[in-house]
Every structure is written in structure tokens, then in C-alpha cells.
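Enquirer: Take this sequence and fold it.
(chains A, B, C and D, ligands or ions: 2)
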Amino acid sequence: MAKIDVSIEHKHPPEPDDGKPHPNTCPKCGSHYRDDELDAHLRVCLHCGHHFPVRAPARIRQLADPGSFVEEAADLRSDDPLDFFDLRPYVERLAEAEVSTGLGEAMVIGRATIGGRSCQLAVMDFAFMGGSMGRVVGEKFALACEGAADQGVPLVSITASGGARMQEGILSLMQLPKTVCAVEELQDAGSAMLSVMSHPTTAGVLASFASLGDVIVAEPGALMSFTGPRVVQQTTREKLPEDFGLAESNYRFGHLDAIVPRPELKDFVAKFLRLFGHVE
Amino acid sequence: MAKIDVSIEHKHPPEPDDGKPHPNTCPKCGSHYRDDELDAHLRVCLHCGHHFPVRAPARIRQLADPGSFVEEAADLRSDDPLDFFDLRPYVERLAEAEVSTGLGEAMVIGRATIGGRSCQLAVMDFAFMGGSMGRVVGEKFALACEGAADQGVPLVSITASGGARMQEGILSLMQLPKTVCAVEELQDAGSAMLSVMSHPTTAGVLASFASLGDVIVAEPGALMSFTGPRVVQQTTREKLPEDFGLAESNYRFGHLDAIVPRPELKDFVAKFLRLFGHVE
Amino acid sequence: MSSEAELRLRERLSKLSRMRLLGGTRLSGELKRLQEQLERVTAEPTGEEIWEKVELARNEDRPYTLDYVERLIEDWIELHGDRGRADDSALVTGVGRFRGRTVALIGNQKGRDVKERTRRNFGMAYPEGYRKAMRVMELAQRHRFPIISLVDIPGAYPGVAAEQHGQGGAIARSQAVMSRLEVPIVACVIGEGGSGGAIATALADQVLMQENAIYTVISPEGCAAILWRDAGEKKKAAAAFRPDAVHCLELGVIDGIVPEPEGGAQLNHDEAARLLGASLEAALEELEGLPGDELKRLRRAKFRAIGSVRTAAR
Amino acid sequence: MSSEAELRLRERLSKLSRMRLLGGTRLSGELKRLQEQLERVTAEPTGEEIWEKVELARNEDRPYTLDYVERLIEDWIELHGDRGRADDSALVTGVGRFRGRTVALIGNQKGRDVKERTRRNFGMAYPEGYRKAMRVMELAQRHRFPIISLVDIPGAYPGVAAEQHGQGGAIARSQAVMSRLEVPIVACVIGEGGSGGAIATALADQVLMQENAIYTVISPEGCAAILWRDAGEKKKAAAAFRPDAVHCLELGVIDGIVPEPEGGAQLNHDEAARLLGASLEAALEELEGLPGDELKRLRRAKFRAIGSVRTAAR
Ligand SMILES: [Zn+2]
Ligand SMILES: [Zn+2]
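Expert: Ligands and ions are numbered 1, 2, ... in the order given. You can find the predicted model right below:
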């Protein structure tokens, strides 16, 4: 019996491990890179095409026309509505995430131009508590939708998330309907949304705004499952298909419009903005 | 290669055959009935539950409150827009069908009450050229929709059809969009539609109005496939599942709300009318 | 008890008292029980008390959706199938008459015996179930039927096929459809309101919870496995996020609590149905006066505001 | 020729002359070719001439949907998947810019070589394809993009899975979606317009046919197999129902004929695309001035009236 619903996982990056490989070592082919080398190639492995994670600020640099990005709502910070304490207090985890990432939360929003076209950006950062969605992420996403609607420009959402932020309890689940309603308001205002899913986009983020783009694309190899492979395997005891939950599988099953390799992403976004940029 | 599209078939009842069984012999269990006996049991085999075909007038007697049915557009007759001639002229086939069935076309429409609730009826008769849908069937169905909308009552559609009437060429295909548009107008007017599929409801009728009911039910054992089993088998050379295309299979695959045995149909329709009968 | 904790409790009590709608209690005249309920709230529940709620919510004798349908809905027509691939019996949909009006009803359905439990996948819908629900919601919209949604799902189903068939997208789109409807929607968590599987059908104008229901972003076991790295710590997890109705009401996540018979709904299905029926009717009556576009606007505004950080921040 | 037959031909010619739109001819200034076309019509086509059209429509070197996309659409983004189970490559959908405006495009896609033909199922969509098309139509509606639909399908697919996945219902619902849209829709049969598979994406404000395309309720082979009890009688069947563009125009089933390069579209893809582009543009321009609800009303009224028997009867 499956009383245990562990459908939200991969919420945290792997714990520090002394024996772990260097973060710039390709997990697929073992190639090793210097930081500047990898950045110069958009953090894509030159040998095998593996897409390394991209932090939100770097993603914005990759996509936005130079100097065009203006961040919004940067000062929003989560509080601790439940006084949540597991092995450590939530507030301590938040503070630590802010220090280690330099970000106030797991999503950065703002206005930019891409290929000369205006848009609103909402970019997630997996390094901030596994890109989990609590009230601030939900609020920032809603503000991004409102900003796009107000300006009559499309919204470009780039996700990387393990799902809802457990430490905010049921309020984190409420970010699903909140962000869904925000997308609906955006669409009623006539603005379009492009959803770009990067690795991983799972659970509560997959089951809300990320799946509601007018056009939905993913980066190669991105995990896009509501429930993570480990939990599915434990529950069903089936051998999982090799590409379980990956972008390639999602594309085959009809859930994605395209898989866009990172070097082509800026052009793709610019094309999307040319087609969907006009609001009546 | 499947250049041959024989997706519309079962258009005609089997040719007369001297060795054929008596029409009141149950094809499933071999039980034999007198006409009055079978009619008294709504033409359902007492032994095995097989549903024999029901002619349109009999169907209306089974469902409508006694004396409530008022036929409409009874004098509409098909002409022959293509001067169509296969082994015999279309006009000859039409005349013969009228003589042998006593009906002007393969659909009877009119107003009635069922369980005391007003509705519009559109009932097909397979005995008239295999219940095929030409311009008059399309027109009658559209008139039924308009009548239901005008009176603010639901439409109850009961189908038995091999599909579009080939002898009217491309104009028979045009009955698909015509009846679809009629249902949409009906729904925009706030009226509901119940679709009851009896054996067989295939091809052009399945692929148009019959699939657009707010609630869709079928009689047990009714064939409901776009392409008939014989053609599918010939084209694919696969062994077909035993219940290929039958109501039971369609129910399992999510295409039907319910399978309603004929003895329960009147109550079901009455319940539908109680729930959907109110127009704001 | 520290004065700070006492303060918080008083605040909580006052919030509760201000609540516009406290289930059917107000209507069925059971003011005494309300008072008792409020008194119980003044004491911070212990971990054990919270865990009792979890166990009550999961009690296998609790009434399920069809038990309520049987007692509350006349002229019930169950609607089957997603018009695409399957009929998912974990999520029941249909139309029927509730206190004189035609309604569409959606509800997770667990099974009573092993065979039915398997057939109904323990109430955990596949994407096909959410698609059926969306189809029925659109039918309700077409005919201006109010919608009742009964939520009782341990969580979205962790299976290979569910993922392949697009579980995440289906849950997202089911919410999107609900946010677009211009008919009244009342949801009630009648057992477990687990994660995305629950919210898929709970984006309602009024969200109620039965007294012993729970509403969670993840099961206590799942939370414990991740945060405590030990599923055995489920009671600690439950105590940390408090999935009970009173807490959900305090947080503004739900709009009212539906009382249950003394000891829990499992002890008296008829009485549980009577109490639920009274709450659903009251909620619908409150909503039915509003025009459709206003309903939609308020529904979206409500979810926009839940747990808002606008003021808390900066 | 009997005087009656001559009369019918003259009537036919005058109907043709009255036609509001005769493909892109009027607009591309090719009046001479129009005249020739009309002259050819005055002669009742022989069975052989009709069969030539069938063979031209099926010519394997004819341009397919993606050949036209390549030549007519800028900034093309192909949209994949039905968001449920699969991506059907027999029916291509996407958005792009056509002569300055963003459009949504839907088209059946046959394959050029054996491998691609198999992958694309000879252009015959599964229900998943129709569902993808509906999704893209709704996207077009949301953003007020006009829709171009290129029809080229031998017929709905006669396969077990296609039936199990609800082919009949999918074809019905695709038409229903088209009848609800409030954006301009132009369809053009660019090869075979076969049966339900064709009409599924052809419920348009303006329906065009290329000069050598055919539009049929059933393939000539299928018709012959049923009515003549011999698929070999396909030429007789074709002659009996005349699936050619001129006849469809006479019957009021289509709104215009798109000229092809001399000898057929297969001989010059660029020129075929130029002529198609001109016709599509003209049709869109005519429609774009109308408000959305008026488009919808006129579209439904048009299909309501095609082949009407109201006057013929009684
Ligand atoms: Zn590599
Ligand atoms: Zn029998």
C-alpha cells in the first residue's frame, strides 16, 4: 500500500561529501573544466553535450541583451510561518542559502530585452534550497506575471526546482494554485508565456506554472517528473525505463514542444518573442 | 501502404440471402421469438440479453410518453445531387428504402415528453440504407437542434448508422461539420444533448454529432468504431481484440459515460432530462 | 506556558472566532460543540493529538466520496472516461441533484476491500482521472452547474505510467481549468488532502475540511524521510507542519471546518453526511448570488492572497 | 450532347464565374489561366481525366505541408505533442510568421522516403494528432492568431489503436473546436482530402483546393469495394462522385481553387508555394476585417447551408 506519499523529493542538492567529484567534472564523460572554460561554453560539456546546472544570474547573462536586465522584488525574503524545525531550524537554512548563493530566494525576476524584444523574466536557481517553491517564490512568480501583463510583454520562465518547500508546510502547496491563477491572469491580459524547464523541474513546480506555458521546452537531459525516479522505484519496485522522467521521454510522450540545447536557447527565445510579442 | 481508405463501411444491411436466419433468431444464443414477443421485451433476448435492432418508430414508442411524440420535417426527401449511379441508380435505392421501411429518410425527428419532461428527439433507423447520413439526415438533425434550442429543451439523439451516404459524394462528408455546428449552436443556446449510440454507430456519425453529447451512452454490444473491424483487419493484418470497437471496449477506453441496457434506457433518459432540463 | 505562546494562542482563538463560516455548525445550531471545539483549540495540540488526526483521516471506515453521494445526491449519473484513453476509477465524477439544484461532483474514491482498493488505486488518480475531472468541470461550466469537489487522496501517484502520461501537466491544467470556471466551486477535504493530487481538484471558491481531515504538501512519512532522513520520524514531521483543519483554518488555507460526529466520521456515516451536506449547502448558497466573472475574480484573488508575503517582506 | 446536359454545363460555368474567389488567380493576375480553366470546365471531364486528378493528387513528388512551411513561413516553431500521450508526426502543427502576421499552422504530413512514410503513417493522424491540433487551435484562439490548415490525408487511419484511442470522438471534437474559434481559419486541400481525417481540420471560414487536389467522403477504391463490390472499379467510383476541385466548387463545398504550376505542383515546388501563398494571403486578408464572433457565426452558417435540402424538399 502506498500510504507514503514521497512525491516531492530532490528538494535539496546532494549533501556535501568529501569524496564527491569536482563540480566542474562532467558526470557523463568525466571531462574536467575550469570555471571560466565552462562558463564560456554556457556550462555545456564540449565533449558530450552534458548540460551542467546554471545559476540564475548566469542564466540571465546568457539570455538577456547586455545591460538590459532590471531586477524586481529583489528584497523579498521568506519568513517562517510555521516556526519550522527539522534537524535544523528553517530560518537557519534560509540564512545559509542566502549566504552561499548570494540570492534572497530561489527565483530571480525582472525585465529584460532578448534579441531586442522586451520580456519579463522569472528564473529559478536550484542552488537556493533545491529551487524549492515557498511563498516568496510564488509571490515573485505572480509579480512577474503581473509585470508582464502590465507592460503587455511575454513572460519567459526558466525553472529548476525540486518542488514545493516543505518547511512552509501547506502554505507551500498553496503556491501551486497561486502561480496557476497568476498564469491565467497573464493569459487573460493577452500576454504569452514561454516555459523553459532546466534540470530538474519536478513536483510542485512541474505541477503548476511550468506546465502552463503557451510553448513548453526543456534542456536536454532535464528531469521533469512529478515524483522522482528513486521514489517511483521504491514504491512500484519496477525497473524504470532508462530515460524515466527525462526531457527526452517527456518529448516522446507529448509533453514538450521541443528540446532546446542551451547554445540555441537565446535564439529560440528571441524567435518566440518575435512571434508572441504583440499584444492587441 | 494504406492508400485505400475504406473507413466507411457497414453502410448497408447484409444482402438478402436465402439461407439467412430468421431476423428474430438471436445471433448470440439461437433463441427464436415471435415478433410480438420480442417487441414486448423491447427486442432484447430474454435468454442472453442480446439487443436486437430497433426501428425508429418502435424506439420512439419505447421512450416517449404515450401520445406525446409529434414528428417534424417528415416530408423531407433526398434528391440526387450527383446523378449517382453505381450498380443501381441512387434514386432507385432511395425509393426502395422508402417503400421497405415506410420512412422518408434514415432519421426521424420530433418533440416528445419522456417521464413528463419535454425534449427533442432525433432517432436514426438502420433499416433505411444502413442509417447512412446524407443531406436530409444532416438537415433533420440540424432542425432537431434548432427545435431544442428554440424550446429550451434538451436533445436526445439515438443513432444507428454505417456513416456518411456515399451516393451523395462529398456532400455527405459535409454533413459532419454541419451537424457539429448544429450541436455547438444548441449548446450555445444552453440546451443539453444526450447521445445514445445503438448498434452500429460508426464512421461519419460517430465522428460528428454522436460523439458530442454532454452525456454519451451506448447499448450493450453496440459497434462504435470509425473504421469497421473487417477493414481494420484487412489493412493491419493484426488479430483484432475480441471486443474491438464494441461499446464495452469504448467504455473501458474512456469514450462512454455508461452502457445502458435497453430496459433501463427510458429511466436513464428521464433522469437526464430532470438534471439537464432547465435552461436559464 | 510562556506568555508569548499564550499570546499566540489567544490570537489564534480570536481569528477562529472571527471566521465567517465554521462549517455547518453555525447552521445546524450546534453551538455548544463549536464552543467545545474552540476550547480545545486554546490548548496547543500535542504531537500525539496531531498524529491522532492523521490516523483518523486515514481510518479505513471513514466515509468515502460514494458514501456521501449515496446519502446526499439524488438522480446521480456517474460520468466515466477521459474521452481519450481510459476511465480512472480513483477519481469519481458525475452529475446529480443536491438540495434541489443540479451539481457536478468530483471526488477521489478509495476502496473498501483489497480488490476495490487496487482497482481504485487507493484513491490516487492517474492523469486520466484529472482529464476526466476537467471534462466534467467544462460540462458544468457549459450548463452553469455548481461544482462540489470531495478531496481524499494520499498524494499524487508515484508510478511510471502516471509520469509518462503527464501527471505534472495534468495537475497543473486541472487547476488552470478550475481558475477559469464561472460557476461556484466548493471543495471539502474529507480524509487525506495530499500534495498535488489534492490541489488538482481543490482550487475552489470555498475550501472546507472535515474536522478530522488533514491537508498536506507531503505525507508526514515523506517529509520525515526527506528532512529527518527517517520515515519513522513521521510524528515529528506531522507535529512540525500540523496538517489538521484548525491549523489550516488559522493559516487562511481553508474557509471553514465541517464538524464530524463525536469520535469521527467513521462511526456514523449518516450523521457525517448530514453535517457535510449542511456545510456544502451553506457554502453554495453563499456563492450562488455572485455573477460568474465575479466568482472567478474572487477565486483568483483569494489564492493570490493566501500566505501572502507582500507585507511581511522588505 | 443532349440539350439538358448542355444546360447543366452552362449553369455550371455561370456558377463558376460568379464565384467570389477563384484561388489566387484573380490576385496574381493570371487571368488568362483562369479563362483556360473555365474553358476546360465547359467540357464534361471524362472518367480518365478525373482519374488523372486522383493520380496527380497522390503524386509522391507533390509538395507536402513542410515543403510549403519552408517556403512560406518565417520564424517557424513546430509545436509537438498532445500533452497527454504522444506526439503524432502525421499531423504537423506550429506557429510562425506568414506575410507579416503570426499564424498557427496545422497540416497533414506524408513522408518522402519509406522510413519517413512509416514514421508519419502516410499522413494519417492518430487521435493524438487531432488532439495536438486542438491544443494548437486553442493557443491560436488565446493569442488571436489566424489559422492555416493544409489538408493532405488519404483518410482516417484504419488501425486498432486509433480506434481504441477514440478516433471518432477526436475527429468530432476537432471539428467542434474549429466551429467555436473566433479567429480566421483558412484551409486548403493540397493533395488528398480523405473522409473524416480531412474534415477534422477543414471546418474553416474559407476552404480552398489546389487545382489537382481531390476531396472525398471515401477513397475511390473504398467506394468501389462497397458499392461495386470490387475495388478495381475505382475509376468508375471516381467518375461517379467526381472528387476534383472544379466539381467541389460547383457544389459549394469549397470557396476557391488554387492554381498549380503547369502540369502539377510536383513539377515546381517553389511556384506551387508562390501560388498557394498568394491564395492564403488573399483569403486571410478578406477575413481579418471581421470581428471574431461574426467569423464564428458566418462559419457555422456556411456549413449549415452547404448542400441544403430545405428548398429542394417538400
Ligand atoms: Zn561530458
Ligand atoms: Zn440470445
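Enquirer: how about the longest strand along chain C against chain A, any contact?
Expert: Secondary structure of chain C per DSSP state E: the longest strand is strand C:185-194. Yes: interface with chain A: strand C:185-194 contributes residue C:194 (C-beta under 8 Å from any C-beta of the partner chain). All C-beta atoms are positioned from the backbone trio N, CA, C, and that covers glycine.
Enquirer: Which residues does the very next helix or strand once past that strand contact?
Expert: Using DSSP states H and E, the helix or strand that follows strand C:185-194 towards the C-terminus is helix C:195-199. Residues from elsewhere that reach helix C:195-199 (C-beta atoms under 8 Å, 6 or more residues apart in numbering or on different chains): A:5, A:7-8, A:164, A:173-174, A:176-177, A:203-204, A:207, A:226, C:108, C:124-125, C:151, C:153-157, C:168, C:171, C:175, C:189, C:192, C:215-219.
Enquirer: same question, stretch A:223-239
Expert: Stretch A:223-239 is contacted from outside by A:2, A:4, A:6-7, A:9-10, A:197, A:199-203, A:206-207, A:218, A:240, A:244-247, A:250, A:255-256, C:156-160, C:162-163, C:167-168, C:171, C:196, using C-beta under 8 Å, 6+ apart.
Enquirer: To which secondary structure element is residue A:21 assigned?
Expert: With DSSP H and E as criterion, residue A:21 is part of no helix or strand.
Enquirer: so how far is residue D:84 from the closest residue to ligand 2 within chain C?
Expert: Proximity of chain C to ligand 2 (C-beta to the ion) peaks at residue C:80, 26.5 Å away. In this view, residue C:80 and residue D:84 are 17 Å apart by C-beta to C-beta, to the nearest Å.
Enquirer: CA atoms of stretch A:24-33 as PDB?
Expert: This file holds the C-alpha atoms of stretch A:24-33, laid out as PDB (Å, rounded to 0.1, in the frame of the first residue of the first chain):
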ATOM      1  CA  ASN A  24      33.100  21.000 -13.000                       C
ATOM      2  CA  THR A  25      33.700  17.300 -13.800                       C
ATOM      3  CA  CYS A  26      31.300  16.100 -16.300                       C
ATOM      4  CA  PRO A  27      29.100  13.300 -14.700                       C
ATOM      5  CA  LYS A  28      28.600  11.800 -18.200                       C
ATOM      6  CA  CYS A  29      32.000  11.700 -19.700                       C
ATOM      7  CA  GLY A  30      34.400  12.700 -16.900                       C
ATOM      8  CA  SER A  31      35.800  15.700 -18.700                       C
ATOM      9  CA  HIS A  32      37.100  18.300 -16.400                       C
ATOM     10  CA  TYR A  33      36.800  22.100 -16.900                       C
END
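Enquirer: Stretch C:126-146: how far from the chain's middle?
Expert: 17 Å (C-alpha atoms, centre = their mean, to the nearest Å).
Enquirer: cool, and stretch C:171-186?
Expert: Counting by C-alpha atoms, centre = their mean, stretch C:171-186 comes out at 15 Å from the chain centroid.
Enquirer: near chain B at all, it?
Expert: No: Stretch C:171-186 is not in contact with chain B by C-beta under 8 Å from any C-beta; minimum separation 11.7 Å.
Enquirer: List the buried residues in that stretch.
Expert: For stretch C:171-186, a neighbour-count test (16 or more other C-beta atoms under 10 Å in any protein chain shown) marks C:171-181, C:183-186 as buried.
Enquirer: before we move on, what about stretch A:177-189?
Expert: Neighbour counts over stretch A:177-189 (16+ other C-beta under 10 Å) mark A:177-187 as buried.
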